[in-house]
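Trainee: Okay, here's the prediction I keep looking at, along with the sequence it came from:
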Amino acid sequence: MSAESPLIQSMRKAVAAAPDDVPLRLHLAELLLSAGHGDAAVGEVSVALQHAPGDAQARELMVRALAGTPTNISDEAALPSPPQPPVPGRPPNSVAGPPQDPAAGQAPASAPASGPGFNWKAAEDQVGDVVPPRFVEAPLTVDGSGDPEGVAAWDVERPGAVRLADVGGMQEVKERLEAAFLAPLRNPELRRLYGKSLRGGLLLYGPPGCGKTFIARAVAGELGANFLSVSVNDVLDMWMGNSERNMHELFQTARRQAPCVVFLDELDALGGKRSRTQSAGMRNTVNQLLTELDGVEAEANEGVFVLAATNVPWDVDIALRRPGRLDRTLLVLPPDGPAREAILRYHLRERPIENVDLGKLVKATDGLSGADLAHVCEAAAEQALLDSARTGTVRLIGMKDLLAAAGQIGPSTEPWFASARNVAMYANDGGMYDDLVAYLKKKRKL
């Protein structure tokens with residue numbers, strides 16, 4: 001096979017610049033076929049047929065390319081069309097041209113390119129390796145609803161590598177989690193002795209950006225359980241009844257995948273106080289969540305651990321907090337010293353730094369959330385990058401950059417504590433927020 005001519009190379013560049021131009025691609029295929037590059041011509045025509053499946057010129061050119069006939073399209077109607085020799089490995093007549101006129105010995109000018117003699121299935125098999133399928137369509141259900149049968153509607157993450165040991169500091173949080181979930185699972189004999197069920201519900205609350213989702217993943221990893229994360233967009237639906245169905249399917253999936261940790265993010269949106277909403281659909285969704293937490297049968301939720309997170313626990317429906325449901329609460333505060341050191345070390349691990357005193361930096365970032373600490377590292381890297389771009393000399397990130405960034409970034413948790421202070425002072429019924437009151441007193445914010 002000869003090398004491609006300069007004309008063909010120029011046409012390839014033109015096609016690459018306008019990949020959706022079907023006539024241009026067909027012209028390239030015609031040139032390739034005339035030059036004896038049959039396989040390359042088949043590939044180009046196949047792409048053209050993806051863009052224009054009904055294009056008669058493309059289909060006719062595919063017939064000739066597969067048959068190995070390097071004749072110009074414009075001249076084919078005027079030239080006789082001799083019988084095509086059989087191609088090795090291909091059934092006879094699998095690639096036949098237009099119907100022949102027995103009297104004249106040539107194809108009629110008005111004969112369609114896709115005559116009944118052409119085997120498109122054989123052609124599809126031949127070019128299958130050249131052109132991959134454009135779409136992968138899942139089979140529909142029997143009723144045609146569009147949801148594939150036997151395929152879970154929820155993405156369940158398998159037990160991950162994140163463990164509680166990966167959570168820096170936060171010793172009090174770890175101890176509460178140990179008592180609520182981990183100790184009963186690690187000691188099945190004691191669990192049976194004391195009648196402790198494997199069912200459980202824990203509400204994580206606190207200011208945003210302090211790692212509630214990460215802690216939930218760590219609990220799943222510690223339990224060796226599957227992890228199912230759910231947000232408001234996964235459940236709520238505009239059609240009446242669909243939200244309740246979604247909630248039921250969520251818990252059914254968790255029960256089938258037990259042991260499984262179900263993480264309900266932004267619980268105040270999924271389980272807000274029914275007395276404050278005028279939407280019947282929203283109230284029904286909360287009712288369905290209550291039903292699923294109880295379990296239809298006595299042991300329905302055995303092995304299903306429900307963790308929920310919210311920034312505003314005082315907006316969560318009180319029925320969700322009764323014993324047997326999300327009856328235990330855990331305050332997740334801004335990271336303490338060891339946690340801040342672990343977070344800073346993580347975000348600086350792949351950045352070019354020099355002479356960074358983590359102890360000093362940890363003290364300078366007291367009160368910042370995990371998201372704030374990530375922002376500090378990002379801002380310091382940005383400053384070093386800008387200086388390097390201006391001077392033309394690459395420099396490393398130093399303490400000066402990090403301390404300057406920490407000084408400019410105020411704690412994003414302050415607005416949350418401002419609103420939580422009123423709740424701790426005037427709405428701490430039954431000591432529900434005693435841990436929050438203790439923290440505010442410790443920080444002299446109460």
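Mentor: Arrived safely.

Trainee: low pLDDT regions in the stretch 301-446 of the chain?
Mentor: Judged by pLDDT under 70, the stretch 301-446 of the chain has its weakly predicted residues at 446.

Trainee: Helices of that one, residue ranges please.
Mentor: Shown for the stretch 301-446 of the chain, the helices assigned by DSSP state H, counting those that start in this stretch span residues 337-348, 358-364, 370-391, 399-408, 414-426, 434-442.

Trainee: Nearest to I8, out of the ones you listed?
Mentor: Comparing the helices of the stretch 301-446 of the chain against I8 with Cβ to Cβ, the closest turns out to be helix 370-391 (43.5 Å). Every C-beta, even on glycine, is put in place using the N, C-alpha and C of the backbone.

Trainee: quick one: the closest one to helix 399-408, angle?
Mentor: For helix 370-391 against helix 399-408, the angle by axes from the mean of the first three to the mean of the last three Cα atoms, to 10 degrees is 130 degrees.

Trainee: what's next to helix 370-391, contact-wise?
Mentor: Under the contact criterion Cβ atoms under 8 Å, 6 or more residues apart in numbering, helix 370-391 has outside partners 208-211, 214, 334-335, 339-340, 343-344, 347-348, 351-352, 365, 368, 394-398, 401-402, 404-406, 408-409, 411-413.

Trainee: before we move on, the earlier item: with distance to R283 and mean neighbour count as added columns, please give the helices of the stretch 301-446 of the chain in TSV.
Mentor: As requested, the helices of the stretch 301-446 of the chain are exported to TSV (distance: least, Cβ to Cβ, whole Å; neighbours: other Cβ atoms under 10 Å):
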stretch	distance to R283	mean neighbour count
helix 337-348	39	19
helix 358-364	46	16
helix 370-391	33	17
helix 399-408	45	18
helix 414-426	24	15
helix 434-442	28	15
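
Trainee: how deep is A17 tucked in, by neighbour count?
Mentor: Residues within reach of A17, counting by other Cβ atoms under 10 Å, total 9.

Trainee: ok, back up a step: mind checking which of the helices of the stretch 301-446 of the chain is nearest L203?
Mentor: L203 sits nearest to helix 434-442 of all the helices of the stretch 301-446 of the chain, at 12.3 Å, using Cβ to Cβ.

Trainee: Quick check: buried residues in stretch 270-281?
Mentor: Buried positions in stretch 270-281, judged by neighbour count with 16 or more other Cβ atoms under 10 Å: L270, G271, G272, K273, R274, G281.

Trainee: can you redo the residues you listed as a markdown table with distance to S388, pLDDT and secondary structure?
Mentor: Compiled in a markdown table, the buried residues of stretch 270-281 are given as follows (distance: Cβ to Cβ, whole Å; pLDDT from 0 to 100; DSSP: H, G, I helix; E, B strand; the rest coil):
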| residue | distance to S388 | pLDDT | secondary structure |
| --- | --- | --- | --- |
| L270 | 47 | 88 | helix |
| G271 | 50 | 90 | coil |
| G272 | 49 | 88 | strand |
| K273 | 53 | 88 | coil |
| R274 | 56 | 89 | helix |
| G281 | 55 | 81 | helix |
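
Trainee: Tabulate the residues you listed (TSV), appending distance to N287.
Mentor: Below are these laid out as TSV (distance: Cβ to Cβ, whole Å):
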residue	distance to N287
L270	12
G271	10
G272	12
K273	13
R274	8
G281	11
